[in-house]
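J.: Generate coordinates for the sequence data below:
(2 chains)
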Amino acid sequence: MFPAPFEYVAPSTLDQAVRLLQQYGPDARILAGGQSLIPMMRFRLANPRVLIDLNRIPGLDFLEEDRGVLRIGAMVRHRLIERAPLIRQRYPLLADTARVIADPIVRNRGTVGGSVAHADPAGDWGAALLAAKAEVVISGPRGRRISQRTIPLAEFFTGPFMTALEPGEIVTEIRVPASGPREAGAYLKIERKVGDFAVVAVGVQIALDADGVCRKAGIGLCAVGPTSLRAQEAEEWLIGKRLDESTLARAGELAAAAAQPTSDTRGPAEYKRDMVRVLTIRALRKALERIPKA
Amino acid sequence: MPARKGKRTAGAPRRAAPRKAAVAVQPAARHRIQVTVNGRPYEAEVEARTLLVYFLRDMLGLTGTHVGCDTTSCGACTILLNGEPVKSCTMFAVQADGAEILTVEGLARDGELHPLQKAFWEEHGLQCGFCTPGMLMTAYAFLNENPRPSEEEIRVALSGNLCRCTGYMNIVKAVQRAAQEMAAR
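T.: Purely as a prediction, here's the structure:
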């Protein structure tokens, strides 16, 4: 299978990339890791006339903590998140997620920014980063200059494969609030086999205060709605409580209620909804185990 | 899928030239690229839509890299791009401009099989052999990084390469044997 003919360009600066995107408008697509877009082009589900490759632009693959924020450059590959000591030690939610995306070879190419911008409701980063309360940095044209705007990820996803990106705009960074001292997360995924999309997956991030009371909670749901979903009622339920088993059980029920699963080859809606409940409880338990005792 | 027939001529091997600036900043349907494959420099003109695997197979004649699934699932087309395993069916040849590529043809040295290839032979780590080039390339990069892996680590590392014949037992044994032989050197 071969993609339809197109023109390719690999700008060396973000400025050029934005200008090209502006110039070619909806005929152009951004190429990041290509692990979703290239298969779509082979199937001719995507037929861009111009492909703008970000891989030759230096400086889009940073990964660092800076003034209370974990900054993830849009071109950071899943593999880096999977392996970086900073992530393994301080962001187990993200490390868990990276290690279950597609397969190890795909993870060498696929990027965090590309996955977020692709906005597949079954994409793992969407759910995990919603749980992490991430923000998206978007670079785009403003007159003759390039400007940036930052929006919460929850506002970025507007529908299946649809985002808040305006013409000429590119996702350039994901920002995650830096992990606090008594904070941890987890990501659990049910998949039929390695490399398949999730049947269901759930990401959680929680923080406790010195008395063991929950002061921060994020829960993201994967593959059970038109977009990655945030289980807001379940999050609110946890805040201000000690996280005993009955509290977790109720959070699981609230998360299941927030899911909007549909029946497909990966399972009936009823099963998926119950798996949201089960995975939410298990992920919360796992996150709790990972928080150092006060 | 069978190799595509076409009128293209193989990219002629040439001596390494100084690198010029990367691809132009204007979109184009054809691009001139330089790559080093198995230590040998090549220069060729490619269509933007030419996938790397078809460049290797049809233009360079390196048919050891297989096309298995065409859906980024099977890993038969795995090659090393600057040392890292990638699925060459999920990358355009033009993106490899300036890169160092290693394919299965580059594993043997001076007519001598690489220890991994020998181990696949000794342990019967294949039946039909279709997935083998991809398995070898993934395992090669993996053993460079983790010379003394556990069985579990081997299975995870190879989880992007599908084999429909063996049930993986002998493939895992072959990688274990290769690790031992390489460590003993």
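J.: C-alpha only now, for contacts and for neighbours.
T.: Noted.
J.: which residues in chain B form strands?
T.: B:30-37, B:40-47, B:78-81, B:84-87, B:100-102 (DSSP state E).
J.: okay, these in a markdown table with mean pLDDT next?
T.: Output for the strands of chain B, formatted as a markdown table (pLDDT from 0 to 100):
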| stretch | mean pLDDT |
| --- | --- |
| strand B:30-37 | 98 |
| strand B:40-47 | 98 |
| strand B:78-81 | 98 |
| strand B:84-87 | 98 |
| strand B:100-102 | 98 |
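J.: Any chance of these in JSON lines with mean neighbour count as columns?
T.: Listed next are those as JSON lines, based on neighbours: other Cα atoms under 10 Å in any protein chain shown:
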{"stretch": "strand B:30-37", "mean neighbour count": "20"}
{"stretch": "strand B:40-47", "mean neighbour count": "19"}
{"stretch": "strand B:78-81", "mean neighbour count": "26"}
{"stretch": "strand B:84-87", "mean neighbour count": "24"}
{"stretch": "strand B:100-102", "mean neighbour count": "21"}
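J.: Would you mind giving those as a markdown table with distance to A:Ile146 added?
T.: Formatted as a markdown table, the strands of chain B follow (distance: least, Cα to Cα, whole Å):
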| stretch | distance to A:Ile146 |
| --- | --- |
| strand B:30-37 | 28 |
| strand B:40-47 | 31 |
| strand B:78-81 | 33 |
| strand B:84-87 | 33 |
| strand B:100-102 | 34 |
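J.: What parts of chain B come near chain A?
T.: B:23-30, B:48-51, B:70-73, B:75, B:78, B:84-87, B:90-91, B:156-160 (Cα under 8 Å from any Cα of the partner chain).
J.: which residues does the residue lying closest to A:Ala127 once chain neighbours are set aside bridge with?
T.: For A:Ala127, ignoring the flanking residues on the chain, the nearest one in space by Cα to Cα, 6 or more residues apart in numbering or on different chains is A:Gly220 at 4.2 Å. Bridge pairing for A:Gly220 (DSSP bridges) gives the partners A:Gly203, A:Arg230.
J.: ok, now how distant is A:Gly220 from chain B?
T.: For A:Gly220, the distance to chain B (Cα to the nearest Cα, to the nearest Å) stands at 26 Å.
J.: Chain A - how does it break down into domains?
T.: Split into domains by automatic domain parsing, chain A comes to A:7-54, A:63-177, A:183-290.
J.: meant to ask about chain B
T.: Split into domains by automatic domain parsing, chain B comes to B:30-106, B:115-183.
J.: so how far is the last one off the chain centroid?
T.: What that stands for is domain B:115-183. Centroid separation for domain B:115-183 versus its chain: 14 Å, with Cα atoms, centre = their mean, to the nearest Å.
J.: end-to-end on that domain?
T.: Distance between the two ends of domain B:115-183: 11 Å, counting by Cα to Cα, to the nearest Å.
J.: now swap in the longest one and tell me
T.: End-to-end distance of domain B:30-106: 28 Å, with Cα to Cα as the criterion.
J.: And the helices in the stretch 1-150 of chain A?
T.: Under the criterion DSSP state H, counting those that start in this stretch, the stretch 1-150 of chain A contains helices at A:14-24, A:37-42, A:78-83, A:85-90, A:92-98, A:104-107, A:112-118, A:124-131.
J.: Not counting the last one itself, show me its contacts.
T.: Contact partners of helix A:124-131, identified using Cα atoms under 8 Å, 6 or more residues apart in numbering or on different chains, comprise A:93-94, A:97, A:101, A:112, A:115-116, A:119-120, A:153-154, A:176, A:187, A:198, A:201-205, A:217-222, A:228-230.
J.: For stretch A:265-272, C-alpha coordinates in CSV please.
T.: Listed in CSV are the C-alpha atoms of stretch A:265-272, where the atom choice follows Å, rounded to 0.1, in the frame of the first residue of the first chain:
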residue,chain,number,x,y,z
THR,A,265,-14.6,-5.8,18.5
ARG,A,266,-12.8,-5.1,21.7
GLY,A,267,-15.8,-5.8,23.9
PRO,A,268,-19.3,-4.9,24.9
ALA,A,269,-20.0,-1.5,26.4
GLU,A,270,-21.1,-3.0,29.7
TYR,A,271,-17.8,-4.9,30.1
LYS,A,272,-15.8,-1.8,29.3
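J.: contact partners of it?
T.: A:Arg192, A:Val199, A:Val200, A:Val224, A:Pro261, A:Thr262, A:Ser263.
J.: Centroid-nearest residue for the chain?
T.: I went with chain A, as the question did not name one. A:Trp125 (2.1 Å; Cα atoms, centre = their mean).
J.: Can you look at chain B instead?
T.: Centroid-nearest residue in chain B, with Cα atoms, centre = their mean: B:Ile79, separated by 2.0 Å.
J.: Quick check on the contacts of stretch A:265-272: which are buried?
T.: Burial by neighbour count, judged by 16 or more other Cα atoms under 10 Å in any protein chain shown, picks out A:Val199, A:Val200, A:Val224, A:Pro261, A:Thr262 from the contacts of stretch A:265-272.
J.: Let me see the contact set for the nearest residue to the third one once chain neighbours are set aside.
T.: Nearest-residue entry for A:Val224: A:Pro261, 4.1 Å, with adjacent residues in sequence omitted and distances by Cα to Cα, 6+ apart. Applying Cα under 8 Å, 6+ apart, one finds that A:Pro261 lies in contact with A:Ala223, A:Val224, A:Gly225, A:Ala269, A:Glu270, A:Lys272, A:Arg273.
J.: Can you report how many residues lie near A:Met40?
T.: Look at A:Met40: counted by other Cα atoms under 10 Å in any protein chain shown, it has 15 neighbours.
J.: tell me the pLDDT at the residue nearest to it when sequence neighbours are not counted?
T.: With Cα to Cα, 6+ apart as the criterion, A:Met40 has its nearest non-adjacent residue at 5.4 Å, and that residue is A:Ala46. Among the per-residue scores, A:Ala46 holds a pLDDT of 96.
J.: Out of the contacts of stretch A:265-272, which is nearest to A:Val213?
T.: A:Val200 (28.4 Å; Cα to Cα).
J.: Looks to me like the closest one is in a helix.
T.: No - checked against DSSP: H, G, I helix; E, B strand; the rest coil, A:Val200 lies outside a helix; its state is strand.
J.: What's the per-residue pLDDT of it here?
T.: pLDDT, A:Val200: 98.
J.: From chain B, how far out is it?
T.: 20 Å.
J.: Contacts only, for that residue.
T.: Per Cα under 8 Å, 6+ apart, neighbours of A:Val200: A:Lys189, A:Ile190, A:Glu191, A:Leu221, A:Cys222, A:Ala223, A:Val224, A:Lys272, A:Met275, A:Val276.
J.: coming back round to it: show me the contacts for the residue nearest to the centre of chain B.
T.: B:Thr65, B:Pro85, B:Val86, B:Lys87, B:Ser88, B:Ile101, B:Leu102, B:Thr103, B:Val104, B:Gly134, B:Met137, B:Thr138.
J.: Would you reformat those as CSV and include distance to A:Gly140?
T.: Shown next, in CSV, are these (distance: Cα to Cα, whole Å):
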residue, distance to A:Gly140
B:Thr65, 40
B:Pro85, 33
B:Val86, 31
B:Lys87, 31
B:Ser88, 31
B:Ile101, 35
B:Leu102, 38
B:Thr103, 39
B:Val104, 43
B:Gly134, 40
B:Met137, 40
B:Thr138, 38
